[in-house]
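Trainee: please find the sequence and the predicted model below.
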Amino acid sequence: MFVDSHCHLEYDSFAEEGSAVIERAQAVGVNTCVTIGTKLSTFPKTLAVAERYDNVWCTVGVHPHDAATEPLTDPAALLDAAKHPKVIGIGETGLDYYYDHSPRAEQATNFLVHIDAATQTGLPLIIHTRDAEDDTIAMLEEKMKRAPFKAVLHCFSGTAKLAEAGLKMGFYLSASGVITFKNAEPLREVFRSVPMDRLLVETDSPYLAPIPHRGKRNEPSFVVHTAKVLAELKGISLEELGQVTTDNFFRLFDKASRPHV
C-alpha cells in the first residue's frame with residue numbers, strides 16, 4: 001500500500017479523467033491521495049475532489065506564489081475551512097525565492113499566518129521552500145519556540161542543513177520524483193540519512209513525473225517509482241517502504257482514516 005501525500009487532482013489537466021486516474025492509482029496499490037490547496041479562491045474545487053472520492057483527502061492554503069493576490073492577515077479563513085472532515089492539513093505554504101512570483105515580505109506574512117493555523121488546529125503544515133532555506137528555517141524555529149506544530153517539508157529537494165533542521169523540529173520529509181532524476185545524487189544522499197519514521201512519498205502531480213515517465217504529466221500511480229528508488233536507498237523491499245511510509249502518513253495526518261482494503 002502507498003500514499004500519494006501531495007498531488008493536485010483539482011487541476012485542469014485531470015479534469016477529463018479524474019476517476020480513471022484514481023483507478024490507475026488503486027491498481028498499483030496507491031490507496032490514499034491528498035490533493036493540496038494552493039488558493040482560497042479555488043479551495044471549493046479542491047474540496048469537491050476530496051468529497052467525490054473516499055480515498056482522497058485535501059488541505060487548505062495559499063501557495064507562496066499567490067501571496068500577493070491572496071494576502072492573509074489572520075488565520076480565520078483557514079481555520080473555518082479546516083473544520084471540514086475532509087481537510088487534514090494546512091498549506092501548502094512557505095517561501096519561494098526561486099520564482100519570486102510574490103514579494104518576499106508578503107510570502108513571509110502568509111507563511112506565519114499558516115503556521116498559526118496549524119498550531120491552532122493541530123493539523124500538519126505542508127511546507128514549500130525553494131532557494132529560501134535560511135529564512136524558512138529561521139521562521140519555523142522562531143514559531144516553534146512559541147508553540148509546537150506538526151509539519152512536512154514537501155517535495156524535499158534541499159540541503160542536509162534544511163533536512164537536519166526540519167528533523168530536529170520533528171518534521172517529516174517527503175520524497176518526490178526528483179529523487180529518481182540522474183542528477184539528483186546529492187539529494188539521494190540526504191535521503192539516505194533521513195530516519196525511516198520521518199519519510200513520506202508524493203508525486204506533486206501533475207508536475208515532476210519520475211523516471212521513467214519524466215516529461216509526461218505526472219499522476220498518483222507514478223509514486224511507486226519514487227518509492228522504488230527510496231527503498232533502494234534504504235536497503236529494504238518496496239513492500240516494506242510502502243508500509244513504513246503509509247504508517248508515517250497516518251501518524252502525521254491523524255485526521256485521515258485508513259482505507260478499507
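Mentor: Arrived safely, thanks for sending.

Trainee: can I get the CA coordinates of the lowest-mean-pLDDT helix or strand in the chain in CSV?
Mentor: Using mean pLDDT, DSSP states H and E, helix 18-27 stands out as the lowest-scoring helix or strand of the chain, at a mean of 95. Extracted in CSV, the C-alpha atoms of helix 18-27 (Å, rounded to 0.1, in the frame of the first residue of the first chain):
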residue,chain,number,x,y,z
GLY,A,18,-10.3,12.0,-12.6
SER,A,19,-11.9,8.7,-12.0
ALA,A,20,-9.5,6.9,-14.3
VAL,A,21,-6.5,8.5,-12.5
ILE,A,22,-7.8,7.2,-9.2
GLU,A,23,-8.4,3.7,-10.6
ARG,A,24,-4.9,3.6,-12.0
ALA,A,25,-3.5,4.6,-8.7
GLN,A,26,-5.5,1.9,-6.8
ALA,A,27,-4.4,-0.7,-9.4
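
Trainee: biggest strand in the protein by residues?
Mentor: strand 87-96 (DSSP state E).

Trainee: and after that strand, which helix or strand comes next?
Mentor: Scanning forward in sequence from strand 87-96 by DSSP states H and E, the next helix or strand is helix 104-121.

Trainee: and the helix or strand that comes right after that next one, average pLDDT?
Mentor: Sequence order places strand 125-130 as the next helix or strand after helix 104-121, per DSSP H and E. Averaged over strand 125-130, pLDDT sits at 99.

Trainee: which parts of this protein are helices?
Mentor: With DSSP state H, the ranges of helices along the chain come out as 18-27, 43-52, 76-81, 104-121, 133-146, 160-168, 185-192, 223-234, 238-252.

Trainee: figure out which of these is closest to Leu199.
Mentor: Leu199 lies closest to helix 238-252 among these, at 5.5 Å (Cβ to Cβ). C-beta here means a position set from N, CA and C on the backbone, and glycine is covered the same way.

Trainee: helices and strands around the closest one, which ones?
Mentor: Counting contacts by 3 or more Cβ pairs under 8 Å, 6 or more residues apart in numbering; DSSP states H and E, helix 238-252 is packed against strand 2-7, strand 199-201, helix 223-234.

Trainee: got the helices of the chain as TSV, with distance to Leu208 and mean neighbour count columns?
Mentor: Formatted as TSV, those follow (distance: least, Cβ to Cβ, whole Å; neighbours: other Cβ atoms under 10 Å):
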stretch	distance to Leu208	mean neighbour count
helix 18-27	16	16
helix 43-52	19	18
helix 76-81	26	18
helix 104-121	21	21
helix 133-146	19	16
helix 160-168	18	17
helix 185-192	12	15
helix 223-234	9	21
helix 238-252	17	19
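
Trainee: let's have those helices in TSV, adding distance to Leu9.
Mentor: Shown next, in TSV, are these (distance: least, Cβ to Cβ, whole Å):
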stretch	distance to Leu9
helix 18-27	6
helix 43-52	5
helix 76-81	17
helix 104-121	21
helix 133-146	26
helix 160-168	26
helix 185-192	25
helix 223-234	13
helix 238-252	17
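
Trainee: so which of those comes closest to Phe2?
Mentor: Smallest distance to Phe2 across the helices of the chain (Cβ to Cβ): 4.8 Å, for helix 238-252.

Trainee: ends of stretch 141-153, how far apart?
Mentor: End-to-end distance of stretch 141-153 (Cα to Cα, to the nearest Å): 14 Å.

Trainee: got a list of contacts for that stretch?
Mentor: Residues from elsewhere that reach stretch 141-153, judged by Cβ atoms under 8 Å, 6 or more residues apart in numbering: 5, 112, 115, 118-119, 122-127, 129, 140, 162-163, 165-166, 169-174, 200, 252.

Trainee: can I get stretch 227-238 as CSV, trimmed to CA atoms?
Mentor: C-alpha atoms of stretch 227-238 as CSV (Å, rounded to 0.1, in the frame of the first residue of the first chain):
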residue,chain,number,x,y,z
ALA,A,227,9.1,4.6,-3.7
LYS,A,228,11.3,2.1,-5.5
VAL,A,229,14.3,4.5,-5.5
LEU,A,230,13.7,5.3,-1.9
ALA,A,231,13.5,1.6,-1.0
GLU,A,232,16.8,1.0,-2.8
LEU,A,233,18.4,3.9,-0.9
LYS,A,234,17.2,2.4,2.4
GLY,A,235,18.1,-1.2,1.5
ILE,A,236,14.6,-2.5,2.1
SER,A,237,11.9,-4.0,-0.1
LEU,A,238,9.4,-1.9,-1.9
